[in-house]
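1. Need a 3D model of the following:
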Amino acid sequence: MGKDYYKTLGIPKGSNEEEIKKAYRRMALRFHPDKNKDANAEEKFKEIAEAYEVLSDPKKRVIYDQLGEEGLKTGGSSSSGAPGSSTYHYTFHGDPHATFASFFGGSNPFDMFFGSNQQDMDMEEDDPFAHFGRQFGFPGGMNNGFPGEGRRRRGVQSERLGAGRKHQDPPVVHELKVSLEEIFHGCTKRMKITRRRLNPDGRSMRTEDKILNIVIKKGWKEGTKITFPKEGDETPENIPADIAFVLKDKGHAHFKRDGSNIIYNCKISLKEALCGCTVSIPTLDNRVISLPCHEIIRPGTVKRLRGEGLPFPKSPSQRGDLIVEFSVRFPDRIPPQSREIIRQHLPQS
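-> Sure, this is the predicted structure:
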C-alpha cells in the first residue's frame, strides 16, 4: 500500500492547497524535535515533511493519487493530469528541516513567534499563530496562508523579524609566483583549490576541489591581481568570498626586472674593460646577442639593447629594453714587471 500522505497530514484526499498548507503548519509545529521530545518525533517530523512535499506539488500529487507511493518513487506512468513527461521518479531529499525552513522562512520560528513562555501551548489549536496575530494587530490573525506568505504580503522585511542578511567574506588573496619566461611568452596556470560548499538542503556542507585556470598575459607586471568571484567557502551565513591571485616575480639566474625592461649584469675583466672586447648577452627567448665594446668600459657603464625586454602589457607587440650593466673584475695581484709597464703607459689622470 505504501504511505498514506493524506493520513500523515490528517486531511481528506480532496483537500485544497490552503488546507494542505494549514495541515502541514499545524503538524510540523506539533512534532518539531525542538519542541516535541517523544522518541518518534524526529521520524514523524520527517514523514510530515515528505507528505507535504508530495501533496503541495501538483505533478507529484496527481501521480501519487493514481499510483500511490510505490508508483511515485519507482517511476510510474501518468496518463492524465501530470504535466511534462509520462514517467516520473520521486525521491524525498531527506532533510525535513530544509522543508520547515523553506515553509516558515527560517529554521526556528518558535523564538520568533512564541517566546520562551509558550513552551506548553497547545499545538492542536486550529492556528497556532492566531494569538501572535491578534497580539500584534494583524487583521484576522495569521490564518490567510502561512507566516512566510503573510510577512511578504504585509511588506515586513525578514531582518525586522530577526533573520540576518548574508554577508560576503573579504577576498582570499594568494601570491602566485611566475618566471620572467612565463611573463615573456604568456601562459595559463592551473591552481587547485579546496573549498566548502552548501548542499542542496541549504544547511549541511561538503568539501570539494576545483581547478582554477589563471591566464597570465604577456608582459603583465608584478602585482597584477586576477580575481575569481565567489569561489571561496560557502556557509549558510555567508556569500562565498572572492579568490584573488597576485603576481610575484620569481628570481632569475640572469635577469632582474624593471617594469617592461630587463637588466643583465655583465661581468668583464679589467683587460677587457681597458682593451675592448665582444660580450655575449643572453635573451629571454633563448637567443644570444653579440655586443661589441670598443671603448673603455668603466664600472657602472650601461648599454641598452632596444626592444629585447618584456612585452608591454597594453601593447604586447612592442617590447621594453634589455639593459646591460657592466661590472669590472679587478685582479687580486699584478706581477711587478706588469705593474711597471702599466705605470709607464697609463695616463696620470
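2. which helices and strands does the helix or strand hosting Val54 pack with?
-> Per DSSP states H and E, Val54 falls inside helix 41-55. In this structure, helix 41-55 packs against helix 5-9, helix 17-31, helix 58-74, helix 96-104, with contacts taken as 3 or more Cβ pairs under 8 Å, 6 or more residues apart in numbering; DSSP states H and E. Where you see a C-beta, it was placed from the backbone N, CA and C, and this is true even at glycine.
3. So what's the model's average confidence on the third one?
-> In this model, helix 58-74 has an average pLDDT of 86.
4. so what does it touch, helix or strand wise?
-> Right, helix 58-74 is packed against helix 41-55, strand 76-77, strand 87-88 by 3+ Cβ pairs under 8 Å, 6+ apart.
5. If you rank every helix and strand of the chain by mean pLDDT, what lands last?
-> The helix or strand of the chain with the poorest confidence is helix 130-135; it has a mean of 38 (mean pLDDT, DSSP states H and E).
6. ok, and the closest non-adjacent residue to the residue positioned nearest the centre of the chain?
-> The centre of the chain sits closest to Glu231, judged by Cα atoms, centre = their mean, with a distance of 1.2 Å. Nearest residue to Glu231, sequence neighbours excluded (Cβ to Cβ, 6 or more residues apart in numbering): Ile243, at 4.5 Å.
7. doesn't Val172 make contact with the one you found?
-> Yes - using Cβ atoms under 8 Å, Ile243 is in contact with Val172, at 5.0 Å.
8. More neighbours: which of the two?
-> Using other Cβ atoms under 10 Å, the more surrounded residue of Ile243 and Val172 is Ile243, with 22 against 17.
9. which sections of the stretch 51-200 of the chain are below the confidence cut-off?
-> For the stretch 51-200 of the chain, the stretches flagged by pLDDT under 70 are 75-88, 105-164.
10. Tell me how the protein divides into domains.
-> Following automatic domain parsing, the chain resolves into domains at 5-161, 167-249, 255-329.
11. Rebuild these as JSON lines, extending it with distance to Gln348.
-> Shown next, in JSON lines, are the domains of the chain (distance: least, Cβ to Cβ, whole Å):
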{"stretch": "domain 5-161", "distance to Gln348": "88"}
{"stretch": "domain 167-249", "distance to Gln348": "45"}
{"stretch": "domain 255-329", "distance to Gln348": "16"}
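12. Those: which one's closest to Pro335?
-> Evaluated over the domains of the chain, closeness to Pro335 peaks at domain 255-329, with 13.8 Å, by Cβ to Cβ.
13. tell me the mean pLDDT for that closest one?
-> 94.
14. Please report how far Lys21 lies from Lys13.
-> According to Cβ to Cβ, to the nearest Å, Lys21 stands 16 Å off from Lys13.
15. meant to ask about Thr207, not that
-> Relative to Lys13, Thr207 is positioned 44 Å away (Cβ to Cβ).
16. what does Val173 give?
-> From Val173 over to Lys13 (counting by Cβ to Cβ), the distance is 59 Å.
17. With adjacent residues omitted, what lies nearest to Glu234?
-> Pro240 (4.4 Å).
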